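K.L.:
just the structure for this:
(chains A and B)
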There are 2 protein chains.
Amino acid sequence: MSKPLRLGIAGLGTVGVGVVKIVQKHGTLLAARAGRPIVISAVSARSRDKDRGVDLSDYAWEDDPVALAQRDDVDLFIEVMGGSEGAAKDATEAAIKAGKDVVSANKALLAIHGQPLAAMAEDAGQVIRFEAAVAGGIPVVKSLTEGLAGNEITRVMGVMNGSCNYILTRMEDAGLTYEAVFEEANQLGYLEADPELDVGGIDAGHKLALLAAIAFGTQVDFEAVELEGIGSVTIEDIRQAADMGYKIKLLGVAQLTGRGLEQRMSPCLVPDTSPLGQLQGGTNMVVLEGDAVSQIVLRGPGAGEGPTASAVMGDVMDIARGLRISTFGQPANSLRKARAARAAVSAPYYLRLQLLDKPGALAKIARALGEAGISIDRMRQYQHTQTTAPVLIVTHKTTRTALEEAVAAFATTGVLQGDPVTIRIEAV
Amino acid sequence: MSKPLRLGIAGLGTVGVGVVKIVQKHGTLLAARAGRPIVISAVSARSRDKDRGVDLSDYAWEDDPVALAQRDDVDLFIEVMGGSEGAAKDATEAAIKAGKDVVSANKALLAIHGQPLAAMAEDAGQVIRFEAAVAGGIPVVKSLTEGLAGNEITRVMGVMNGSCNYILTRMEDAGLTYEAVFEEANQLGYLEADPELDVGGIDAGHKLALLAAIAFGTQVDFEAVELEGIGSVTIEDIRQAADMGYKIKLLGVAQLTGRGLEQRMSPCLVPDTSPLGQLQGGTNMVVLEGDAVSQIVLRGPGAGEGPTASAVMGDVMDIARGLRISTFGQPANSLRKARAARAAVSAPYYLRLQLLDKPGALAKIARALGEAGISIDRMRQYQHTQTTAPVLIVTHKTTRTALEEAVAAFATTGVLQGDPVTIRIEAV
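P.N.:
Got it, this is the predicted structure:
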């Protein structure tokens, strides 16, 4: 049997403890599969005294993750601290400089600094792997980078924030407002300390940017992700969408178009019979589309100790088995800087309007759509409640530019109360 | 850039032609990802003259796949001929002896001869990969062997024969008998030349045996798979199961129990709201369960030129990138010979009986169940039609031994017409 692979684990929160547990529990199994023992040399965390429910006494302790990353008895540095700046970044860079491979669960760090980190690692002959950074226990980075390596990837989609999907499905199931379910989720501990990371789509946007870089051979570019959170999704829209055969999901979509790379993380409508439409609660789902494979769908737990530690260990085992692959699937210096395209891909849209009870009101709306070149697939006008009537429109495929033109024209008609709600319908 | 990886492709049917197309179309992309060019040196098939819609003029031709496998200008032998014996086996062995790695789409060959082939390859320092042999374009071998390598696998399940799933969903949608849909599928070319490979569960059983070996570190043992095809599934059972909230699927399940390794490929009921229950038509789905990850579900095309070639190319790219992993995820000589366990895992069962119109008839059935220690979860008796009344029973969890005891006791009651139908309900 070959010499052991010696791990240094920086961060002993949920994920770090999960990794320790797997290494302790499955030593024999891991060694059989990897052809060499997997051992932990040293760990690091903020507080040494905290009881984490695992015995850490066999491992050296470092208060400073940078010192951990530089230890001679560490071959592989596992960064499960989190945060895009500061200690996580310093320690990752220190590990690479000290000749260590890196396994990271840190989506923010890699989505923001992934390109220079990958270049630094490859120059040094080290690898960075990050399965746990995207969609928890689902081996999606592996499936995309390796399993579909013979494909030109055409689209990547995913529901990659379990908290948002929990909120949206709970709103529908219980008939509660966004505010009520948000409060509930927050009290259950389902949301990040800064909930905007979840409900603002930032966390999911980080994941999308990472997948897009692999899929399209482009430099990871989180800044270019169009972000729209779920805070403006109302129970009315959830109900009306259901009536039309759709579910609302916080959906990430990345597509390389003739005009550039489009990356969106926003509430979208998907058919309620599709795998994405049927996804309930905190589960994640990623859809990968390629020219040869057509479409594969991966579903699994997006968070939690076991699933995330499983993903970290997948990377550890790859490195133990000798797989040395570029961070984003091809050398960092060969990744192109993609032009960011916004609204390049046309789609049908869902519109919800509050129509005032005036003669010819609907005609004015229909005319504004027609003049913007938008044709109507389906429309429903409901009964007037006091002064307004809800109108739902599903358009045929159109561009967002045309839609914005129509919405601007709506404002001049004087027949609407409030702003129209517009939600993209993603073909899945 | 490193030296090219030179392929020899044996078999130019759907899959082989698909591989040629990918290599021809995506040369630049593949080289960027692999860090080296992927080129085809030589090909082999039964007929040289057939027009396959691809230009093969740049490649050497071999009539004999064994000669192809031994060529000096071939680094990697791709076996996409099929068949568990004869040319496929000879050529695979020849390739290993000649120091070539092997990528195979041949589930029958590997399910039957996988253990000695893996041992031979590992002794010779060569690798055999077989992603395309299981569930077409879904990277399930990779996900299980590598992505979940940190898990003790607890169960593997899957709908892995698209033709059977097509037949079962078509029966339900169109209200047609098995015989009618079988004929239809056969005429559409959906079935193998020997349809029993599909509808008898043999093809899917090969795939299950391969996954079980990886999952549990055991020697692949297709002979131990309990096989039951879909030929006895009636439209009545599909309808009645739907009424109770279930779908019937040809489901493969592998589980390592205290009594041994249980491998079943048989019609099962699954909840109609589960991902497996919602699977329509020819799509495949595999469910992988591990102690850390809990459950992941992979869905995608199980057959066809593009998807299967995508899987072959995933393996090719792994080898091009330098991944050298044991065929079944750990050295062949470390795989245990598992004891085959039958009916070791208890489950609820669905029973459909034709009850004769006699006093106390239902009581006799209920008593027989009770005496076998089987309790009833739900029961429905429908109206008598002429002389019999259909009775549906869903039991609580029981063993198949107990169920068989009850069914034997039914025969002595004299209140049933014909044999009872019993179908296992798999928890998913």
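K.L.:
drop to CA atoms for contacts and neighbour counts, all remaining ones
P.N.:
OK.
K.L.:
quickly find the element holding the residue nearest to the spatial centre of chain A.
P.N.:
Centroid-nearest residue in chain A: A:A204, 3.0 Å away (criterion: C-alpha atoms, centre = their mean). Assigned by DSSP states H and E, A:A204 belongs to helix A:202-216.
K.L.:
what does the stretch 1-150 of chain A put close to chain B?
P.N.:
A:22, A:26, A:29-30, A:32-35, A:137-139, A:142-143, A:146-150 (C-alpha under 8 Å from any C-alpha of the partner chain).
K.L.:
which of those residues are buried?
P.N.:
Neighbour counting with 16 or more other C-alpha atoms under 10 Å in any protein chain shown marks A:22, A:29-30, A:32-35, A:137-139, A:142-143, A:146-150 as buried within these.
K.L.:
just the residues of the stretch 1-150 of chain A next to chain B: which are in helices?
P.N.:
A:I22, A:L29, A:L30, A:A32, A:R33, A:A34, A:K142 (DSSP state H).
K.L.:
could you dump these into TSV with pLDDT added?
P.N.:
Formatted as TSV, those follow (pLDDT from 0 to 100):
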residue	pLDDT
A:I22	98
A:L29	98
A:L30	98
A:A32	97
A:R33	98
A:A34	97
A:K142	98
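K.L.:
so where do the helices sit in the stretch 1-150 of chain A?
P.N.:
A:14-25, A:27-34, A:65-69, A:87-97, A:107-123, A:140-142 (DSSP state H, counting those that start in this stretch).
K.L.:
tabulate these in TSV, adding columns for distance to A:V43.
P.N.:
Below are the helices of the stretch 1-150 of chain A laid out as TSV (distance: least, C-alpha to C-alpha, whole Å):
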stretch	distance to A:V43
helix A:14-25	9
helix A:27-34	18
helix A:65-69	7
helix A:87-97	13
helix A:107-123	20
helix A:140-142	26
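K.L.:
assign a three-state SS to A:L298, would you?
P.N.:
Taken by DSSP: H, G, I helix; E, B strand; the rest coil, the conformation at A:L298 corresponds to strand.
K.L.:
how much space between it and A:G99?
P.N.:
34 Å (C-alpha to C-alpha, to the nearest Å).
K.L.:
out of those two, which sits in the more crowded spot?
P.N.:
A:L298 (25 against 20; other C-alpha atoms under 10 Å in any protein chain shown).
K.L.:
beta partners for the nearest residue in space to that one that is not next to it in sequence?
P.N.:
Leaving aside its chain neighbours, A:L298 sits nearest to B:L298 (4.7 Å; criterion: C-alpha to C-alpha, 6 or more residues apart in numbering or on different chains). Applying DSSP bridges to B:L298 gives these bridge partners: A:L298, B:V286.
K.L.:
how many other residues sit next to A:L188?
P.N.:
9.
K.L.:
how much space separates it from A:G16?
P.N.:
Applying C-alpha to C-alpha, the value for A:L188 to A:G16 is 22 Å.
K.L.:
so where do the helices sit in the stretch 251-400 of chain A?
P.N.:
According to DSSP H, counting those that start in this stretch, the helices that the stretch 251-400 of chain A contains are A:305-320, A:361-371, A:400-411.
K.L.:
contacts only, for the nearest residue to A:A402 once chain neighbours are set aside.
P.N.:
Leaving aside its chain neighbours, A:A402 sits nearest to A:A372 (5.5 Å; criterion: C-alpha to C-alpha, 6+ apart). Going by C-alpha atoms under 8 Å, 6 or more residues apart in numbering or on different chains, A:A372 touches A:A402, A:L403, A:E405, A:A406.
K.L.:
how does it look with 10 Å?
P.N.:
By C-alpha atoms under 10 Å, 6 or more residues apart in numbering or on different chains, A:A372 lies in contact with A:T398, A:T399, A:T401, A:A402, A:L403, A:E404, A:E405, A:A406, A:V407, A:A409.
K.L.:
and A:V225, by the same measure?
P.N.:
A:201-202, A:205-206, A:208-209, A:252-254, A:261-266, A:340-342.
K.L.:
other SSEs contacting the helix holding A:A204?
P.N.:
Helices and strands touching helix A:202-216, by 3 or more C-alpha pairs under 10 Å, 6 or more residues apart in numbering or on different chains; DSSP states H and E, are helix A:107-123, helix A:140-142, strand A:153-159, helix A:196-199, strand A:226-227, strand A:246-257, strand A:260-271, strand A:283-290.
K.L.:
repeat the analysis, applying 7 Å as the threshold.
P.N.:
helix A:107-123, strand A:246-257 (3 or more C-alpha pairs under 7 Å, 6 or more residues apart in numbering or on different chains; DSSP states H and E).
K.L.:
any idea how far that helix is from the middle of the chain?
P.N.:
Mean-position distance between helix A:202-216 and its chain equals 6 Å (C-alpha atoms, centre = their mean, to the nearest Å).
K.L.:
what parts of the stretch 301-428 of chain A come near chain B?
P.N.:
Residues of the stretch 301-428 of chain A lying near chain B by C-alpha under 7 Å from any C-alpha of the partner chain: A:G306, A:P307, A:S310, A:A311, A:M313, A:G314, A:M317, A:D318, A:G322, A:L323, A:G329, A:Q330.
K.L.:
hang on, isn't the second one packed against B:G290?
P.N.:
Translated: A:P307. No. Applying C-alpha atoms under 7 Å as the test, A:P307 and B:G290 come out as separate, 9.2 Å apart.
K.L.:
tell me which of those two has more neighbours.
P.N.:
A:P307 (29 against 22).
K.L.:
follow-up on the earlier one: tell me the one of the residues of the stretch 301-428 of chain A next to chain B nearest A:P348?
P.N.:
Distance to A:P348 across these (C-alpha to C-alpha) is lowest for A:G329, with 33.3 Å.
K.L.:
state the pLDDT value of that closest one.
P.N.:
Listed pLDDT for A:G329 reads 98.
K.L.:
I'd say it and A:I214 touch.
P.N.:
Yes. A:G329 is within contact range of A:I214, at 5.9 Å (criterion: C-alpha under 7 Å).
K.L.:
low-confidence stretches in chain A?
P.N.:
Regions of chain A meeting the criterion pLDDT under 70 cover residues A:1.
K.L.:
swap in 80 and give it another go.
P.N.:
A:1, A:343, A:384-385 (pLDDT under 80).
K.L.:
show me it divided up by domain.
P.N.:
Per the record, chain A has its domains at A:5-133, A:146-301, A:349-425, by automatic domain parsing.
K.L.:
so what's A:I22 up against?
P.N.:
Each residue near A:I22 by C-alpha atoms under 7 Å, 6 or more residues apart in numbering or on different chains is listed here: B:G150.
K.L.:
that one and B:A149, how far apart?
P.N.:
Taking C-alpha to C-alpha, one finds A:I22 at 11 Å from B:A149.
K.L.:
before we move on, what about A:G260?
P.N.:
From A:G260 to B:A149 the distance is 37 Å (C-alpha to C-alpha).
K.L.:
what of A:K358?
P.N.:
Counting by C-alpha to C-alpha - A:K358 and B:A149 are separated by 65 Å.
K.L.:
same check on A:A209?
P.N.:
On the measure of C-alpha to C-alpha, A:A209 and B:A149 end up 26 Å apart.
K.L.:
now A:A180
P.N.:
40 Å.
K.L.:
same check on A:L208?
P.N.:
With C-alpha to C-alpha as the criterion, A:L208 and B:A149 are 25 Å apart.
K.L.:
do the same with A:E426
P.N.:
Relative to B:A149, and taking C-alpha to C-alpha, A:E426 is found at 34 Å.
K.L.:
A:V407 too?
P.N.:
Distance from A:V407 to B:A149, by C-alpha to C-alpha: 52 Å.
K.L.:
and A:T399, by the same measure?
P.N.:
A:T399 is 45 Å from B:A149, by C-alpha to C-alpha.
K.L.:
same deal with A:S274?
P.N.:
Counting by C-alpha to C-alpha - A:S274 and B:A149 are separated by 30 Å.
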